[in-house]
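1. Attaching a predicted model along with its sequence, questions to come.
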Amino acid sequence: MGLFSFMKNAGKKLFGQRDEAPAATTTQAAPASKTDLLKAEVARLGIPVTGLNVEVSEMVTVSGTTATNADREKIILAMGNIDCVGCVEDNITVTNPEPEAKFHVVQKGDTLSKISRDVYGDAMKYNIIFEANRPMLEHPDKIYPGQTLRIPAL
């Protein structure tokens, strides 16, 4: 548990581009709170967590219980994927802890294969990184500078 800071390019999200917002309709719902938007992002991604609680101030504080560090780390990254979130305080409890992943900020010229070669010594293990970042990543070739990726321990 601890504090995770995100480095983002202006206007970019950590994990890919979102679809354009649907056209305005004649009936408009009340705007969702930042807390509701953050919870909705975790739900949209289908990451399992019980009792998810999100507090937003100058940083996002997230707590709850999940089965794995992988799910915990994905929740942290999903929270940081929301515009205007620069810091996430992690208070999530993991019931079946395993080794924590490292995080890598994508640089210009990076590919999953290059990152895999640098981290694991084998470019062909790029799929481990891709799978560790699903559902936030939709395709192994769709990464961009400034994006933060989970790099799981082998």
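-> Received the coordinates, thanks. Just so you know, these numbers come straight off a predicted model, no measurement behind them.
2. So which residues of this protein form helices?
-> 34-45, 69-80, 112-120, 126-132 (DSSP state H).
3. So which of those helices is the most surrounded?
-> helix 69-80 (a mean of 23; mean count of other Cβ atoms under 10 Å). All C-beta spots, glycine's among them, are computed from the backbone N, C-alpha and C.
4. picking up where we left off before, want to try CSV for the helices of the chain, with distance to Thr95 and mean pLDDT as columns?
-> Below are these laid out as CSV (distance: least, Cβ to Cβ, whole Å; pLDDT from 0 to 100):
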stretch, distance to Thr95, mean pLDDT
helix 34-45, 17, 88
helix 69-80, 10, 88
helix 112-120, 27, 97
helix 126-132, 19, 96
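5. and those as JSON lines, adding distance to Thr61?
-> Output for these, formatted as JSON lines (distance: least, Cβ to Cβ, whole Å):
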{"stretch": "helix 34-45", "distance to Thr61": "10"}
{"stretch": "helix 69-80", "distance to Thr61": "10"}
{"stretch": "helix 112-120", "distance to Thr61": "30"}
{"stretch": "helix 126-132", "distance to Thr61": "24"}
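6. And the ones you listed: which comes nearest Gln147?
-> helix 69-80 (9.7 Å; Cβ to Cβ).
7. what residues does the closest one touch?
-> Helix 69-80 has contacts (Cβ atoms under 8 Å, 6 or more residues apart in numbering) with 4, 6, 8, 14-15, 38, 41-42, 45, 47-49, 52, 54, 60, 62, 64, 66, 85-86, 88, 90, 92, 94, 97-101, 132-133, 136, 148, 150, 152.
8. Please pick the buried ones from those residues.
-> Burial by neighbour count, judged by 16 or more other Cβ atoms under 10 Å, picks out 4, 6, 8, 14-15, 38, 41-42, 45, 47, 49, 52, 54, 60, 62, 64, 66, 85, 88, 90, 92, 94, 101, 132-133, 136, 148, 150, 152 from the contacts of helix 69-80.
9. Among the residues you listed, which are located in strands?
-> Judged by DSSP state E, strands contain the following of the buried ones among the contacts of helix 69-80: 4, 52, 54, 60, 62, 64, 66, 88, 90, 92, 94, 148, 150.
10. of those, the lowest pLDDT goes to which?
-> Taking these together, the minimum pLDDT is found at Phe4 (49).
11. How much space separates the spatially most central residue of the chain from Lys114?
-> Among the residues of the chain, the one closest to the centroid is Leu77, at 2.3 Å (Cα atoms, centre = their mean). To Lys114, Leu77 is 20 Å away according to Cβ to Cβ, to the nearest Å.
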